[in-house]
Every structure is written in structure tokens, then in C-alpha cells.
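Visitor: predicted model and sequence follow; I will ask about them next.
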Amino acid sequence: MVPFDAAHRAVHYPEDRRFHIWIRPSILIGIAVAVLAVFVAAWIEFSVVGLPTIPQVSQSTPSNFAGPHGFPLWVRYCHFFNFFFVMMLIRSGLSILMDHPRLYFNDDCTPGSEWIRFTPIEVPRDRIWTAKDDCRYISPVVATPGYRHTIGIARVWHFINVHGFIVTGILFAVMLFGTEQWRRIVPNSSLVLMQGWNIFVHYATLNMPPEPNGFYGYNALQQIGYFTVFFVLGPIAILTGIAMSPAVVNHFPWYSPIFGGRQAARSIHFLTMLSFFAFIVVHVTLIVMTGFARNMNHIVMGTDDQSSGGMIWGFVGIGVVVLSWFVAHYLAWNHPRGLQHALKSVTYPMQLLTLNQLVPHQNYSEARISPFFWPNGKMPVREDWKQLAHAGFHDFRLKVGGLVDNPVELSILDIERLGHFEGITMHHCIQGWTGIAKWGGLPVKQLIELVRPKPEAKVVAFFSFGEGLYGGTYYETQTVDNLIKAESLLATHMNGHPLPEVYGAPLRLRVENQLGYKMVKWIERIEFIRSEKELGSGEGGKNEDDEYFDLLPNI
């Protein structure tokens, strides 16, 4: 148990820590029928014609085997680091998932339309229920960093490790096809599928098939499994992760529909994680059942014998992986700022050169507007905002100042007269949900042209009437360069109506190449400054200061 103060304890370690999994009955029935059908087919074949014949595998030795064999050092290292990175990705991914513990195959994320949820709570209809209210607790025993609403640091660990996962995969691919080792895992005939089915029939009917010596070759089912993990699951995990990037989705509107939409990509990403985990469980089980000592020597020592060295060093390696979970937990709670800066040093330059260069140009049809749009953030409690809201914001004046030649104060009517643009776009929340809405308002580029920033003004700070999660004025920053891009708006309208209070009245920011927390609601004033380091803790916003979110959340 981390010694939280009262405010953090209420968020991270709430009284309600129940865990519950609900799956839509039609999905559950479909999965059960599909799995049962495969096993029934295997048993029918076994009952009618008996076990399919699988040729006995003769014992191979270096003297009588000419093909690629053995486990070179690069295979063994990639095997270990792939296990290391995949487990960290799974653990951090679970923390991310629990921040919006619902998965959908639609981009509206309407409560009740999810196919699976990891919460016992059905969204109440008689009061405002925000996305942060909906996030759930998860034990740090199974997730990194665990607890509740720790998505900032969870993303740090996820993105740090995804770099390692990708680099390991690239190294493996280069070495695989740079040697003859590819012939061991790439099927060279459609007969492999039939042979794989024959071996599955043995397993499904509780009969062990003849087991080849993995030092020299794999059976057909093993070959299919290894091929699928590397050439199918790995790329799908990466490509569906990219499909959750607002910068990518809003610049290339054709990309996420490849997977059925942004939320479908998120669901497929989760199912890919389950597939990795299932493979690990089955893989380890068969290693134990088919000669644990010899198999461990293969993949750890690169030798083909029955000595105990592979087991000993293998358990040491597993211990290192488990120890890394404890280290990650310690760093998450004792040095979160250092982790935040470490991720920034790795990703920020690359994002500036790639994702941040993508200009949003999406525009959905009216028919795509979501029937439900998750509210989020803490509604303002300040008396001045309440009085302005009571008067319909007629007396509101937006102050725009700082490093500008022409500071101004603008009413809502003034803002609307300056210019108006409408666009139907998809909102991407860091917690995972999405929603499509029509936003209308003043392009920020026109406001910038009006106030004429000084040359040294590189950053624009937006201050809210609302508070951050742990108190204090909510603010966020954007670079001037980003705000002059298309579809950056000071929104005064939502879905053809004046902006509702719950969604940010009187003004909210829309910047469609970033995640939603950068789009400040309930804007009170705007200030042009030299750098984000001049405000708060210097990290670029309230969520970045207090919750260790990304300064540049393009993904």
C-alpha cells in the first residue's frame, strides 16, 4: 500500500475496489460456440476414424541434420527481451484499460453499447457521471503502476517498453532473414495447416503427439504458432496502437476504418494482448510437459542436453523479469517526474518530426454525430462562473494578453463576429473513449492574427474557471505553431447549439491532432508566453504537472 495523502488516496485507492467482468451474452455465446465447435470436430474425427497419423520423428544430431537448427545467441536474447517487454506492456496496458474499463466496436462509446466491461457499475442516468468517475481500481500485483487513475505513468511505462518491443522485433526480423533460421518458423506449404490440425486433434482429445526435438525443428502446430505470434500478432498490436492516435486518425481518415474504427482498433489491441498472454501460458505449459530441462537448455544455453544449467539460468531470467515489476512500481511512486522526463526525451523529438507535422482535416457527416458524449473534468465551483452561467454568459469577457502587441477583451458576441467555422470531428480522450460532435467557433489562427504575438511568444496558455483533479486552476499550453493548424477552434457551439455548461461553456479549445485533456474547457483567459516552463511545475499543463501526462499527446 502506497502511503497516499487524503486527496490522492481518494483517487487512487477508493473505498469501492470491486472487480467485475461483464461480457455481452451474444459475444460470449459466439465465442463459446466457436471454441466448442473446434473441439467437437476434433472429437468427432477421433471417434469416427481414430487419431490422425503423425509420422514419428527420428532423433536428429548435428551429424545427420543439414538444415537450420539450434538457437543462436541472437535468438536467445530476443526471446528473453521479448518476454520482458511483452509482460511490461501487458501490465501497463491493464492500468491504461482500467481508466476506461469498457470496450466497444463503435466510436460513440454510448454506455450500454460496450461488448465487455471491467466494472460492476452501469452508468447512472439521473446525474452527471464523468469518464473519471468511471475508471476503476486494479491491483498493482497484476498491473503497473496499478491502483486507480494512474494512466499518466502507465502510459510512460507502456511507451518506453513499446520502443524496446519494436527494436527487438526489428532485430529479430533482420537476423531471421539474414540467416537460414527463417525456414524454421515460416511455413513453406499449405500442408502445414493440415498437419497442424492433426496435431491439434491429438491435444484436444488428450493424446500427446510425437514430439520432435525442438533443437532441430518444430511440429506443424508449433510452426504455425510461432509464425502467428511474430508475423501476425506483433504487427497487429503495433498497427492498432497507431490507429488510436488522434494525429493519425484525424489526418488519415481512411486508416482506423481498416480495423473497423478507432474503438474497434482498441478492442483488437486488447484481444491481441489476450492472445499474447494465452500463447505464453500454452507455450510454457508445453515446455514443461515435453522435457523441461532439455527445452530450457535449448532457449537459454543454446545446447541440446539434459543438464540443469538452462533451468537455473532460466529461473534467474524469470526472476529478473519479475524483479523489474517491483522496480517499475517503486519508480512509478517515488520518481514519477523522472519517468515522465525520460519518456519525453525518448519520444518528444520524434513526435515533433512525425505525428506533430500531421494537419487534421477530418469532417464526419451529421449522421455520425454521437448520441452520447462522455462528460469529463471538474465543473467550476467559482462563484463568478456560476453568476456568468446564470446570466447566459452575456457578461463574460475573454481576456487575451501576455506577449502580444494588441491585448483584447472579447465577449462571446465579439468572438462570433470575428469568424466562425464548423466541423464534425472525433474527440480522443486519453482514457480511451471517443465521441463525434460538431464544433463551431472562432479559428484560433484568426485570434492570433488579431492580437499579433511578439516574436518571443512561442506558447499559448489557456486558463480555466475549473480546477485540476487535486485542486488549483486548470490550465494547458499549446505551441503557436500548432494552433494555426486547421480545425483549431475556440468553440462556442456544440452540435449546432451554444456550448453546454457540462462540456465547457462559455468557451472550450478544440485541437484535433491531440488528446482531449489538452482542449481546455470553461476558458477564462488566454496568455501568450515564452515557454511552458514559466507556469505551474513547468511541464505544460495541470495534468502534466500533477498526473504526469504527456506534453505532446499525439498518440
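Guide: Arrived safely, thanks for sending.
Visitor: use CA for all of it now, contacts and neighbours both
Guide: Noted.
Visitor: what about this protein, any weak spots by pLDDT?
Guide: 1, 57-60, 63 (pLDDT under 70).
Visitor: the stretch of helix or strand G234 belongs to: which residues count as buried?
Guide: Assigned by DSSP states H and E, G234 belongs to helix 234-242. Residues 234, 236-237, 239-242 are the ones in helix 234-242 that count as buried (16 or more other Cα atoms under 10 Å).
Visitor: after it, which helix or strand is next?
Guide: With secondary structure assigned by DSSP H and E, helix 234-242 is succeeded by helix 246-251.
Visitor: could you point out which element follows that following helix?
Guide: Immediately after helix 246-251, counting by DSSP H and E, sits helix 262-289.
Visitor: tell me what angle that following helix forms with helix 234-242.
Guide: Using axes from the mean of the first three to the mean of the last three Cα atoms, to 10 degrees, one finds that helix 262-289 and helix 234-242 are set 150 degrees apart in direction.
Visitor: show me the strands in the stretch 401-550 of the chain, by range?
Guide: Counting by DSSP state E, counting those that start in this stretch, the stretch 401-550 of the chain has these strands, from start to end: 408-410, 421-428, 434-443, 459-467, 473-479, 489-494, 497-498, 508-510, 523-529.
Visitor: helices and strands around the fifth one, which ones?
Guide: For strand 473-479, the elements it packs on are strand 459-467, helix 542-547, judged by 3 or more Cα pairs under 8 Å, 6 or more residues apart in numbering; DSSP states H and E.
Visitor: so how far is Q195 from W182?
Guide: 19 Å (Cα to Cα, to the nearest Å).
Visitor: do the same with I415
Guide: On the measure of Cα to Cα, I415 and Q195 end up 70 Å apart.
Visitor: between these two, which is the more surrounded one?
Guide: Between I415 and Q195, counted using other Cα atoms under 10 Å, I415 has the larger neighbour count: 21 against 17.
Visitor: quick one, what contacts that one?
Guide: Listed by Cα atoms under 8 Å, 6 or more residues apart in numbering, the contact set of I415 reads 441-442.
Visitor: repeat for G401
Guide: So G401 contacts 407-408, 451, 526-528 (Cα under 8 Å, 6+ apart).
Visitor: which parts of the stretch 1-150 of the chain are strands?
Guide: 22-23, 102-103, 116-117, 137-138, 147-148.
Visitor: my bad, should have said the stretch 251-400 of the chain
Guide: 398-402.
Visitor: now the strands of the stretch 401-550 of the chain as TSV including mean neighbour count and distance to R337?
Guide: Putting the strands of the stretch 401-550 of the chain into TSV (neighbours: other Cα atoms under 10 Å; distance: least, Cα to Cα, whole Å) gives the following:
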stretch	mean neighbour count	distance to R337
strand 408-410	14	36
strand 421-428	22	25
strand 434-443	24	28
strand 459-467	23	21
strand 473-479	23	18
strand 489-494	26	31
strand 497-498	14	39
strand 508-510	26	27
strand 523-529	21	23
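Visitor: what's the farthest-apart pair in the contacts of G401?
Guide: Distance extremes for these: the farthest pair is V408 and F528 at 12.2 Å, using Cα to Cα.
Visitor: overlap in contacts of these two?
Guide: Between them, V408 and F528 share the contacting residues 400-401, judged by Cα under 8 Å, 6+ apart.
Visitor: hang on, the earlier thing: which one of the strands of the stretch 1-150 of the chain lies nearest to R127?
Guide: strand 102-103 (19.6 Å).
Visitor: show me what the closest one is packed against.
Guide: Using 3+ Cα pairs under 8 Å, 6+ apart, strand 102-103 sits against strand 116-117, helix 262-289.
Visitor: how does it look with 6 Å?
Guide: Strand 102-103 is packed against strand 116-117, with contacts defined by 3 or more Cα pairs under 6 Å, 6 or more residues apart in numbering; DSSP states H and E.
Visitor: how long is stretch 422-434 from one end to the other?
Guide: 19 Å.
Visitor: ok, and what's touching that stretch?
Guide: Stretch 422-434 is contacted by residues 99-100, 107, 363-364, 435-440, 515-516 when judged by Cα atoms under 6 Å, 6 or more residues apart in numbering.
Visitor: how about stretch 96-104?
Guide: Counting by Cα under 6 Å, 6+ apart, 114-118, 135-136, 149, 151, 263, 267, 431-432 sit against stretch 96-104.
Visitor: any idea how far apart the tips of it sit?
Guide: Note: stretch 96-104 ends 15 Å apart using Cα to Cα.
Visitor: just checking, G310 touches H298?
Guide: No - using Cα atoms under 6 Å, G310 is not in contact with H298; the gap is 7.5 Å.
Visitor: verify the stated contact: D107 with A265.
Guide: No - the pair D107 and A265 fails to qualify as a contact (Cα under 6 Å) at a distance of 10.0 Å.
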